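# Next input, structure requested:
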Amino acid sequence: MLTTPLSGVIPVVPTVFDDEEELDLAGLARVVDYLIDGGADALCVLANYSEQFSLTDEERDQVCRTVLERTAGRVPTVVTTSHYSARVAARRSREAQAMGADMIMLMPPFFGATMAVPEAALTDYFTTVAAATDLPLMVQDAPMSTTPLPVGVLVHLIKEVPQLRYAKIETPGAADKLRTLIAAVGDRLEGPFDGEEAVTLIPDLDAGAVGTMSSSTVPDRLGRIVRQYHAGDRDGAVADWEELLPLIHYENRQCGLRAQKILMAEGGIIASDRTRAPFGPVPPATRAGLLELARRHDPLVLRWAR
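Predicted coordinates:
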C-alpha cells in the first residue's frame, strides 16, 4: 500500500517471450532488476507496452506474479487491469491487490473502433472497479481508446470516484490538457503523469506533471531529468532531455514497443526480442538505425548485463 504519492519515472515492464513466443519469466525477472537498478521510482506491468493484448488470463497472472515477487517491495508496482467489462476489470483489480499491487491503472472501456462508451456510463464503470479494491486508481488517457476523455469528463470522474487520484495523459496536446485538469481539480489529483516514452516530457512537467510513465528503454536518463527539474534545475533538465530526444523520437515513431526489447536483447538482459504474431519485428534497417542511435548515448540498457 502506498504511503506517499508516486512521482518520477514509472517504466512499463515489457512482457518477455522466447523465440517460440512462450513466456520467458526468468528474462522478465532480469528486466525488473535492471529497471530497479536504473533508478525507476515504480514499475508498471500489463500495460499496452507490455503487449497485454497478446496474453491469456493465465499468462497475465503469471506475468503479474513474477513482477511482484521479483520487485519484492523494492519499489511500488502499478498493475493495469483494463477491460471492456466493468465486472472483469473489477475482478482483475481485486486479484492484483491480492498479489501485492500498489496501484491500479485503467483505460476507459472500449472495444475496437466503434464500441465506445458514453460519458454517462464511465462513472459507473470506475465506481465498480473502485469498489473491488482499496488501491488508488490511475486513469490512462491514450489514443488507443475510442472512448474520449475530455477534461470535463476527467474532472467529473476524479470528483466522483475518490480513489481515482492519478492520471496518465498521453494524447495530443498533453501539456494543455494536464494544465487545465490540474487547475480544475487541484490536489484531488495526486499524480498527473505523461506517457508516450516522454516525448513531450518538459512541456508536460511545465504544465504540472509529477513524472512520466515511459517505456523501459532509458529509465535511468529520464529519472535524472525529472529529478533535475523538480530540484529546480530546469535548464539542466531541458538540456539533457533535448540531447536524448532523437532516441526517444526514434523509439516512438519508428519502433514502438519493440525498441525496448531490441535494446534489452542487444544488451544481454533478455535472450529474445520476440513479439507475438501478428505483431512482427521491425525491418532490419530500422533495427540498425535504433542500435546506432542508442550506442551514441551509451544507455544503461546496453551496459547493465555486461
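
# Show me where the stretch 1-150 of the chain has its strands.
8-9, 43-45, 77-80, 103-106, 110-111, 115-116, 137-141 (DSSP state E, counting those that start in this stretch).

# Could you dump these into a markdown table and include distance to A174, mean neighbour count and mean pLDDT?
(Each C-beta comes from the backbone N, C-alpha and C, glycine too.) Listed next are the strands of the stretch 1-150 of the chain as a markdown table, based on distance: least, Cβ to Cβ, whole Å; neighbours: other Cβ atoms under 10 Å; pLDDT from 0 to 100:
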| stretch | distance to A174 | mean neighbour count | mean pLDDT |
| --- | --- | --- | --- |
| strand 8-9 | 16 | 23 | 98 |
| strand 43-45 | 17 | 27 | 98 |
| strand 77-80 | 19 | 27 | 98 |
| strand 103-106 | 16 | 26 | 98 |
| strand 110-111 | 19 | 16 | 88 |
| strand 115-116 | 21 | 14 | 82 |
| strand 137-141 | 9 | 24 | 98 |
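
# okay if I get these as a markdown table plus distance to S272?
Listed next are those as a markdown table, based on distance: least, Cβ to Cβ, whole Å:
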| stretch | distance to S272 |
| --- | --- |
| strand 8-9 | 26 |
| strand 43-45 | 19 |
| strand 77-80 | 23 |
| strand 103-106 | 27 |
| strand 110-111 | 31 |
| strand 115-116 | 34 |
| strand 137-141 | 28 |
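
# Which pLDDT value belongs to the nearest residue to Y34 once chain neighbours are set aside?
Closest residue to Y34 apart from its sequence neighbours, by Cβ to Cβ, 6 or more residues apart in numbering: W304 at 4.9 Å. Residue-level confidence at W304 comes out at 98, pLDDT.

# if I've got this straight, W304 is in a strand?
No: if the criterion is DSSP: H, G, I helix; E, B strand; the rest coil, then W304 is coil and not within a strand.

# which residues touch it?
Contacts for W304 (Cβ atoms under 8 Å, 6 or more residues apart in numbering) come out as Y34, D37, G38, G267, I269.

# if you skip the residues just before and after it, what's nearest to the second one?
With Cβ to Cβ, 6+ apart as the criterion, D37 has its nearest non-adjacent residue at 6.5 Å, and that residue is W304.

# What is the neighbour count of the nearest residue to A90 once chain neighbours are set aside?
Closest residue in space to A90, ignoring its immediate chain neighbours: A132 at 3.7 Å, by Cβ to Cβ, 6+ apart. When counting by other Cβ atoms under 10 Å, one arrives at 20 neighbours for A132.

# do you know how far A132 is from T147?
Using Cβ to Cβ, to the nearest Å, A132 is found at 20 Å from T147.

# cool, G8 as well?
According to Cβ to Cβ, G8 stands 28 Å off from T147.

# V139 now?
Distance from V139 to T147, by Cβ to Cβ: 11 Å.

# Then P278?
24 Å.
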